[in-house]
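Novice: the following comprises the amino acid sequence and a computationally predicted model.
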Amino acid sequence: MDNTLKDWFTVIKNGSIDNTYKMGWSKSIVECCLEGGNNSIISFDRISKNMFKYYWNQTIFFDLQQSPNPKKPPVLVTYVKEKIKEFQKVNGFKPIKFERVEDEIDLDIKFLNNQLKKDVSYRFLKVDRKEFSLYELDKGKEIIVLPNPEILKEYSDLLFEIINYRWSQILENFNSSPRISQKIKITDRGNIRRKSLSKFHKYLTLSDKKCFICGEDFEGDISIDHVIPWSFMYSDDLWNLVYTHKGCNSSKSNRIVDESEIQRLENRNLELVEVLDSKGISDKHLEELRLSNEKNFPKKFWIGFKG
């Protein structure tokens, strides 16, 4: 294996970690090597924009914590969250990938570059007491100079795989949510599509006669909602789905429900199993519902979401 590649692997796998900056930094450099132009000289402008993109997509879809203290996130992540908040005030809360709206987001690239200069740009090269020569850093010109960009380009698939794997490992220390590796992978894809929930109507119509959120009757404006948010679960499970008014669903957003709502969900699930059994319905969704009742999934995942 080429020594350049070995050194990159060593730094990615063994560098000290306070947050996920190093993964975003390394991934952005590899991505820049796949783009056109002079790939031996990469500007901070390009790296900053890529890192903003990664954090935007991971935050707006899955709200992943990128450091151990959720009350004091990394500066770049705080900036991303502010921009998401500004965007959602105008465009609503439906998550959307950065690539589709980047022309609408006014980025302060100078601010982002300054954060990279203060932190990850030089720290990335150090593992224990050794400093690796992966690139030359020019903070004044805000560039890095790569000696072998063609190697990063040739082995980009392997590097992305290793970076994503390491990023997932780090995030597992900061987040209690399930399926983190899948969440990282899917944010790299062209489009994140949530599946239709229409197949669950035949179950919910048997048990959910009133809005789960407000308790009022329906007047034709029925919506299916995840009690524990999809952004946390990244799955559609019958035990976690309820009927709500569309307006109640929108206003709930990704808030943490209280314990009484989880208890109501657990009771609903017990009743739903009885109803489905009485109707002679037997399929994988019913078996998953039984398992949820046995393993107390609503309470367990609710505690994880709160944490």
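Specialist: Ah, there it is.

Novice: next, the buried residues of stretch 118-132.
Specialist: For stretch 118-132, burial by neighbour count (16 or more other CB atoms under 10 Å) applies to 119-121, 124-125, 127, 132. Where you see a C-beta, it was placed from the backbone N, CA and C, and this is true even at glycine.

Novice: closest one of those residues to residue 293?
Specialist: residue 120 (46.3 Å; CB to CB).

Novice: could you measure from the closest one over to residue 4?
Specialist: Counting by CB to CB, to the nearest Å, the separation of residue 120 from residue 4 is 20 Å.

Novice: residue 260 too?
Specialist: Noted for residue 260: a distance of 58 Å to residue 4, by CB to CB.

Novice: between which two of the buried residues of stretch 118-132 is the distance greatest?
Specialist: With CB to CB as the measure, no two of these lie farther apart than 119 and 132, at 17.1 Å.

Novice: how about the strand or helix carrying residue 7: buried residues?
Specialist: Element membership for residue 7, per DSSP states H and E: helix 3-14. Using 16+ other CB under 10 Å as the test for burial, helix 3-14 gives 4-5, 7-9, 11-12.

Novice: kindly report the same for stretch 272-282.
Specialist: Using 16+ other CB under 10 Å as the test for burial, stretch 272-282 gives 272-273, 276.

Novice: pLDDT added to the residues you listed, as TSV?
Specialist: What follows is the buried residues of stretch 272-282, written out as TSV (pLDDT from 0 to 100):
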residue	pLDDT
272	95
273	95
276	94
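
Novice: so how many other residues sit close to residue 286?
Specialist: 17 (other CB atoms under 10 Å).

Novice: these two touch, right, residue 73 and residue 63?
Specialist: No - look at residue 73 against residue 63 with CB atoms under 8 Å: they stay out of range, at 10.9 Å.

Novice: out of those two, which sits in the more crowded spot?
Specialist: Taking other CB under 10 Å, residue 73 and residue 63 do not tie; residue 73 has more neighbours (20 against 17).

Novice: which one of the buried residues of helix 3-14 is nearest to residue 139?
Specialist: residue 11 (19.0 Å).

Novice: what about residue 169, how many residues close to it?
Specialist: Other residues near residue 169 come to 14 when the count uses other CB under 10 Å.

Novice: just the pLDDT at it, thanks.
Specialist: We note a pLDDT of 96 for residue 169 in this prediction.

Novice: just the element for it, please.
Specialist: Element membership of residue 169, judged by DSSP H and E, is helix 156-174.

Novice: who does that helix touch, helix- and strand-wise?
Specialist: Using 3 or more CB pairs under 8 Å, 6 or more residues apart in numbering; DSSP states H and E as the contact definition, the elements that helix 156-174 packs against are helix 3-14, helix 21-34, helix 180-186.

Novice: for residue 295, grab the count of nearby residues.
Specialist: 11.
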